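J.: quick one, structure for this:
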Amino acid sequence: MTNEISLRDVRESDLPIFFDHQLDPEATRMAAFPSRDRDAFMAHWAKSMAARSATFRTILFEERVAGYVVCWDDSGERKVGFWIGREHWGKGIASAALAQFLRQVTVRPLGARVAKHNVASLQVLQKCGFAISGEDRTSGADGDRCEEYILTLGAGEG
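T.: Coordinates of the predicted model:
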């Protein structure tokens, strides 16, 4: 299946698809991240894409936009994240896309955070070499406190 998955630079035409993905209530629950309205979403992406220290890739599955993977600087720590549209869950797309991305973005260490209840995303990160390095609590999509894992991909990994 990995030959059906590719990464490319994010295009402005991808953003409406990403916007629709983040409106899915189950996706926001799993990610423990609230959806944004269209204006806030587009403003966030415009600001993020202007940051020279960030790397954004659109995930294509069978030539269709399936989601994205990103790497950014967060207070001196490099972090990665990804979002896959629900219609593409459970197909191995996130794992294959993240593995490809980690071959392109070679800076280490990299950090990631994942809600403890998001077992699928935790597995994606672990398949790609990330290890749990801590735990934290944050506000979830619904405003409740959310338990999360902190993961790290160290030098020579991924």
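J.: every contact and neighbour count from this point should use C-alpha atoms.
T.: Will do.
J.: by contact count, what packs against the host helix or strand of residue 96?
T.: If you go by DSSP states H and E, residue 96 is part of helix 93-104. Helices and strands touching helix 93-104, as assessed by 3 or more C-alpha pairs under 8 Å, 6 or more residues apart in numbering; DSSP states H and E, comprise strand 5-9, strand 55-61, strand 64-74, strand 77-84, helix 119-127.
J.: residue 55 - how many residues pack around it?
T.: Residues within reach of residue 55, counting by other C-alpha atoms under 10 Å, total 19.
J.: what's the separation between it and residue 149?
T.: Going from residue 55 to residue 149 by C-alpha to C-alpha, to the nearest Å gives 23 Å.
J.: related to what we said a few turns ago, for the helix holding residue 96, list the C-alpha coordinates in CSV.
T.: Output in CSV follows, covering the C-alpha atoms of helix 93-104 (Å, rounded to 0.1, in the frame of the first residue of the first chain):
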residue,chain,number,x,y,z
ILE,A,93,-2.0,5.6,5.8
ALA,A,94,-0.8,7.6,8.8
SER,A,95,2.0,5.1,9.6
ALA,A,96,3.2,5.1,6.1
ALA,A,97,3.0,8.8,5.7
LEU,A,98,4.8,9.6,8.9
ALA,A,99,7.5,7.1,8.1
GLN,A,100,8.0,8.9,4.7
PHE,A,101,7.9,12.3,6.4
LEU,A,102,10.6,11.2,8.9
ARG,A,103,12.9,10.3,6.1
GLN,A,104,12.5,13.9,4.7
